[in-house]
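> this one's structure only:
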């Protein structure tokens, strides 16, 4: 929320903060996302699609944040 507010205010450090936020998430996600895994289990998606759904969802999130950091 802070970064979005900084973008709307035209603050000169907003792109740097967004890059750091996206890079932090990417590095954090390399060790796994236990909250994501438990949520997909709770929703029954792991039973429906198999354990690869966690891998694909994590990969999609990592790609999203890398592209966001690059932009």
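Done, it's in. In this text, all values refer to a predicted model and were calculated from it rather than measured experimentally.
> look up how far residue 5 lies from the spatially most central residue of the chain.
Nearest residue to the geometric centre of the chain (Cα atoms, centre = their mean): residue 61, 4.6 Å. According to Cβ to Cβ, to the nearest Å, residue 61 and residue 5 sit 23 Å apart. The C-beta positions use only the backbone N, C-alpha and C, and glycine is treated the same way.
> residue 53 too?
From residue 53 across to residue 5, the span is 34 Å (Cβ to Cβ).
> ranges for the helices of this structure?
2-9, 14-29, 34-42, 45-49, 52-70 (DSSP state H).
> CSV for the ones you listed, including mean pLDDT?
Shown next, in CSV, are the helices of the chain (pLDDT from 0 to 100):
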stretch, mean pLDDT
helix 2-9, 84
helix 14-29, 86
helix 34-42, 88
helix 45-49, 89
helix 52-70, 87
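> run a quick neighbour tally on the spatially closest residue to residue 7 that is not a sequence neighbour.
Leaving out its chain neighbours, the residue that sits closest to residue 7 by Cβ to Cβ, 6 or more residues apart in numbering is residue 14, at 4.7 Å. Counted by other Cβ atoms under 10 Å, the residues lying close to residue 14 total 17.
> surely residue 14 meets residue 3?
Yes. Using Cβ atoms under 8 Å, residue 14 is in contact with residue 3, at 6.0 Å.
> pull up the overlap in contacts between these two.
The contact sets of residue 14 and residue 3 do not overlap (Cβ atoms under 8 Å, 6 or more residues apart in numbering).
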